[in-house]
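In: With the sequence up front, the predicted model follows.
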2 protein chains.
Amino acid sequence: MKARTLSLFSALALTVSSIAARASDPLPSWNDTVPKEAIIGFVEQVTKEGSPDFVPAPERIATFDNDGTLWAEQPMYFQAIFIFDRIKALAPQHPEWKSKEPFASVLRGDVKAALAGGEKALLEIAMATHAGMTTEEFDTIVRDWTTTARHPKTERLYTEMVYQPMLELLAYLRGHGFKTFIVSGGGIEFMRPWTERVYGIPPEQVVGSSIKTKYEVRNGQPVLARLPELNFIDDKDGKPVGIQQHIGRRPLMAAGNSDGDFEMLEWTSAGDRPRLALIVHHTDGAREFEYDRETHVGRLDKALDVAEERGWTVVDMKRDWRRVYPFESNGK
Amino acid sequence: MKARTLSLFSALALTVSSIAARASDPLPSWNDTVPKEAIIGFVEQVTKEGSPDFVPAPERIATFDNDGTLWAEQPMYFQAIFIFDRIKALAPQHPEWKSKEPFASVLRGDVKAALAGGEKALLEIAMATHAGMTTEEFDTIVRDWTTTARHPKTERLYTEMVYQPMLELLAYLRGHGFKTFIVSGGGIEFMRPWTERVYGIPPEQVVGSSIKTKYEVRNGQPVLARLPELNFIDDKDGKPVGIQQHIGRRPLMAAGNSDGDFEMLEWTSAGDRPRLALIVHHTDGAREFEYDRETHVGRLDKALDVAEERGWTVVDMKRDWRRVYPFESNGK
């Protein structure tokens, strides 16, 4: 009996120490593989007082792509789904859409036909759903959608389809004096209504694509009217431009998942001092989605090719993430 | 003797209590007049937990105009002086400027003739001095200028000609959970190199006018090239647009000094909940400059007319500020 008691005891001790280790682990949803080591090593290197690589807190800027980096992006960008949902919602006020492309295809549920018109068609349905209201009205529309619309595969709210390991990374960085920003090709005002609640990222730290707005006083009340005119595309070589415009400093770290993030990662890692460039590689078809070079959304090709030689850290979702979504039970 | 000792004693006690009051005063360079009361009353109202007007810290956004609100703007905008200085510095590389307007007038020191060409002439000299280099090169140029060039009247560095009461206001607001932003018609990259050091406002909290930039890789090194093309004018009805673009929330308070701030003050004070709109009125020709309706720089006319009916607080520099510049000895 004595031996059994001892063994029970040591098993208990092991469990306790493992729980304690987990509790003190700032990234519990990351497996103990290379990316986690790289992240923690980098953060300790730049935040340890007296270290030769110490970076003062105000310069600790971290930028994150959104689609495919912080939340999912399949079967298509969630903002595209929002557009289709809005066209359906607005159709009763636009009887002419029934016979007008690309609206007619959207209303028939034929996404492929709707997008056959290319960029021009996309722009047309984007403007029909994103312009023509005030900024406050658009904010309400987005809030309503994000708290009601559900993903076709998981049936979860879209704002639930965020990556638990990335939420932990955001919190870990902020806990070490980093200021976290989103730098996304998505619409800036499509993200702002929910990024603070979901990611802890306030509206002023969201950089994205935008349309023009116009200040007007209507019946004595000032409004910002959203106009059907592009202002800025925050994608590819637009990302460093957007970063400079909004932040005015080169990031100390950046994370992305597609070639749309190539220039942001390049700009970040070309700075002096240690920098961290992270690529989320979607390798997990079972728990999430599996895609890279051959996808219509979130294509990762050129950045994957050069990642190793440039010292960019590739996160293999299947290998490196213990858990993907917050709503999953912890895998291990 | 006893009476005299007592009186000495009470005089000493009075002095001590007055010093103590000053030490605990968050705004020691403000006289105890209406604006100081309005500021402190407002801040206590929106930050006191349990108050019906309590505003959560993340929503405490305060926006400040720069020229004439945080630093001086006479005899002309300091950025205009920077432009003239740069044209003189660059002249040896541009022999053609000697016979080409508006450059020739600038080089002869004839500001009036240089500006006779109106907006087109101004744009030409602005682009010649603000574009054609990388963002990092421009940053260095501005840092050099702000640490060497001196104001024609005070012979101080331009970054010394900031208003001590406004520095105290910025610090007081931040001490109460406000995030302070600059929203200026001035060039965003002309301000960023020094606003953190001088105002405690980091680059990412500076909103201003801008030219376009382009991401390029030169000899393997990525740069952002500054192009001679306007991107955004952050003035008048551009200010609420710039606020929405960069901050994404309506300010809880705003401060300006000219009609260029009218729409920012209007947009701010039209929000629900208590808001504070502040106008710095340049009434002190002895200590600073005296101007409002009839000036070529910083014209304050329309905003002054409506201030009272709209509940905007007008700061009368002469009456309300105990001290103007940090380098002055304390007036009282």
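Out: Thanks, I have the structure now.

In: contacts and neighbour counts: CA atoms only from here.
Out: OK.

In: quick one: contacts for the residue nearest the centre of chain A?
Out: In chain A, the C-alpha nearest the mean C-alpha coordinate belongs to residue A:66, at 1.8 Å (Cα atoms, centre = their mean). Listed by Cα atoms under 8 Å, 6 or more residues apart in numbering or on different chains, the contact set of residue A:66 reads A:182, A:183, A:184, A:186, A:256.

In: which of those tops the neighbour count?
Out: Greatest neighbour count in the contacts of residue A:66, by other Cα atoms under 10 Å in any protein chain shown, goes to residue A:183: 31 neighbours.

In: Mind listing the residues bridging to it?
Out: Beta-bridge pairing of residue A:183, defined through DSSP bridges, involves residue A:207.

In: If I look at it, what pLDDT would I see?
Out: What the model reports for residue A:183 is a pLDDT of 98.

In: Just confirm it contacts residue A:238, I think it does.
Out: No: if you go by Cα atoms under 8 Å, residue A:183 and residue A:238 don't touch, sitting 10.0 Å apart.

In: shaky segments in chain A?
Out: Scanning chain A for pLDDT under 70 picks out A:1-23, A:330-332.

In: Spell out which residues of it are next to chain B.
Out: Near chain B, the residues belonging to chain A are A:58, A:189, A:192, A:202-205, A:213-215, A:221-224, A:237-238, A:240-241, A:246-249, A:266-267, A:270 when assessed by Cα under 8 Å from any Cα of the partner chain.

In: Relative to residue B:75, how far out is the residue nearest to the centre of chain A?
Out: Distance, residue A:66 to residue B:75, using Cα to Cα, to the nearest Å: 47 Å.

In: try residue A:261
Out: The value you get for residue A:261 to residue B:75, if Cα to Cα is used, is 46 Å.

In: if you count what's nearby, which of those two comes out ahead?
Out: When neighbours are counted by other Cα under 10 Å, residue A:261 and residue B:75 differ, and residue A:261 comes out ahead with 28 against 13.

In: I'd say that one and residue A:236 touch.
Out: Yes: using Cα under 8 Å, residue A:261 makes contact with residue A:236 at a distance of 5.8 Å.

In: Just the residues of chain A next to chain B: which are in helices?
Out: Within the residues of chain A next to chain B, membership in helices is found for A:189, A:192, A:238, A:240, A:241, A:246, A:266, A:267, as judged by DSSP state H.

In: Of those residues, which is the most crowded?
Out: Taking other Cα under 10 Å as the neighbour criterion, residue A:240 ranks highest of those with 33 neighbours.

In: if I read this right, that one contacts residue A:264, doesn't it?
Out: Yes: taking Cα under 8 Å as the contact criterion, residue A:240 and residue A:264 are neighbours in contact, 5.4 Å apart.

In: can you give me the strands for the stretch 51-200 of chain A?
Out: When secondary structure is read from DSSP state E, counting those that start in this stretch, the stretch 51-200 of chain A shows strands at A:61-64, A:179-187.

In: Could you verify my assumption that residue A:322 touches residue A:31?
Out: Yes: applying Cα under 8 Å, one finds residue A:322 in contact with residue A:31, separated by 5.5 Å.

In: Check the stretch 1-150 of chain A for the residue nearest chain B and tell me.
Out: Taking Cα to the nearest Cα as the measure, the stretch 1-150 of chain A has residue A:58 as its residue closest to chain B, at 7.6 Å.

In: Contact partners for that residue?
Out: Counting by Cα under 8 Å, 6+ apart, residue A:58 makes contact with A:177, A:178, A:179, B:202.

In: from those, which would you call buried?
Out: Buried positions within the contacts of residue A:58, assessed by neighbour count (16 or more other Cα atoms under 10 Å in any protein chain shown), are A:177, A:178, A:179, B:202.

In: ok, so what distance separates the second one from residue A:47?
Out: The span separating residue A:178 from residue A:47 equals 9 Å under the rule Cα to Cα.

In: got any residues that touch both of these two?
Out: With contacts defined as Cα under 8 Å, 6+ apart, the residues adjacent to both residue A:178 and residue A:47 are residue A:57.

In: that older thread, just send the strands of the stretch 51-200 of chain A back as a markdown table, with distance to residue A:109 too.
Out: Supplementary listing: the strands of the stretch 51-200 of chain A in a markdown table, determined by distance: least, Cα to Cα, whole Å:
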| stretch | distance to residue A:109 |
| --- | --- |
| strand A:61-64 | 32 |
| strand A:179-187 | 23 |
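
In: Which among the ones you listed is found nearest to residue B:135?
Out: When the strands of the stretch 51-200 of chain A are ranked by proximity to residue B:135, the top entry is strand A:61-64, at 17.6 Å, counting by Cα to Cα.

In: tell me which residues in that closest one are buried?
Out: Here strand A:61-64 shows A:61, A:62, A:63, A:64 as buried, counting by 16+ other Cα under 10 Å.

In: Tell me who's in contact with the first one.
Out: Yep, that's residue A:61 we're talking about. Residues counted as contacts of residue A:61 (Cα under 8 Å, 6+ apart) are A:178, A:179, A:180, A:181, A:249, A:250, A:251, A:252, A:253.

In: same check, this time on residue A:179
Out: The contact partners of residue A:179, by Cα under 8 Å, 6+ apart, come to A:58, A:60, A:61, A:62, A:173.

In: go again using 10 Å as the cut-off
Out: Under the criterion of Cα atoms under 10 Å, 6 or more residues apart in numbering or on different chains, the contact list for residue A:179 reads A:57, A:58, A:59, A:60, A:61, A:62, A:63, A:170, A:173, A:201, A:205, A:251.

In: what about the spatially closest residue to the fifth one that is not a sequence neighbour, neighbour count?
Out: In space, residue A:61 comes closest to residue A:251 once its chain neighbours are excluded; the distance is 4.8 Å by Cα to Cα, 6 or more residues apart in numbering or on different chains. The local packing count at residue A:251 equals 28, with neighbours defined by other Cα under 10 Å.

In: Checking residue A:251 next. Helix, strand or coil?
Out: With DSSP: H, G, I helix; E, B strand; the rest coil as the basis, residue A:251 sits in coil.

In: Tell me if I'm right that it and residue A:265 touch.
Out: Yes: counting by Cα atoms under 10 Å, residue A:265 is a contact partner of residue A:251 at 9.2 Å.

In: Overlap of the contact sets of these two?
Out: By Cα under 10 Å, 6+ apart, residue A:251 and residue A:265 have these common neighbours: A:63, A:240, A:275, A:276, A:277.

In: who's in contact with the fourth one?
Out: Residues in contact with residue A:276, defined by Cα under 10 Å, 6+ apart, are A:38-39, A:42-43, A:62, A:251-255, A:265, A:268-269, A:311-313.

In: Can you name the two of the contacts of residue A:66 that sit furthest apart?
Out: Longest distance between any two of the contacts of residue A:66 is 13.1 Å, between A:186 and A:256; criterion Cα to Cα.

In: what sits in contact with each of the two?
Out: Common neighbours of residue A:186 and residue A:256 are listed as A:65, A:66, A:67 (criterion: Cα under 10 Å, 6+ apart).

In: which stretches of the stretch 51-200 of chain A form helices?
Out: Counting by DSSP state H, counting those that start in this stretch, the stretch 51-200 of chain A forms helices over residues A:78-90, A:103-107, A:111-115, A:118-130, A:135-146, A:164-175, A:188-199, given from the N-terminal end onward.
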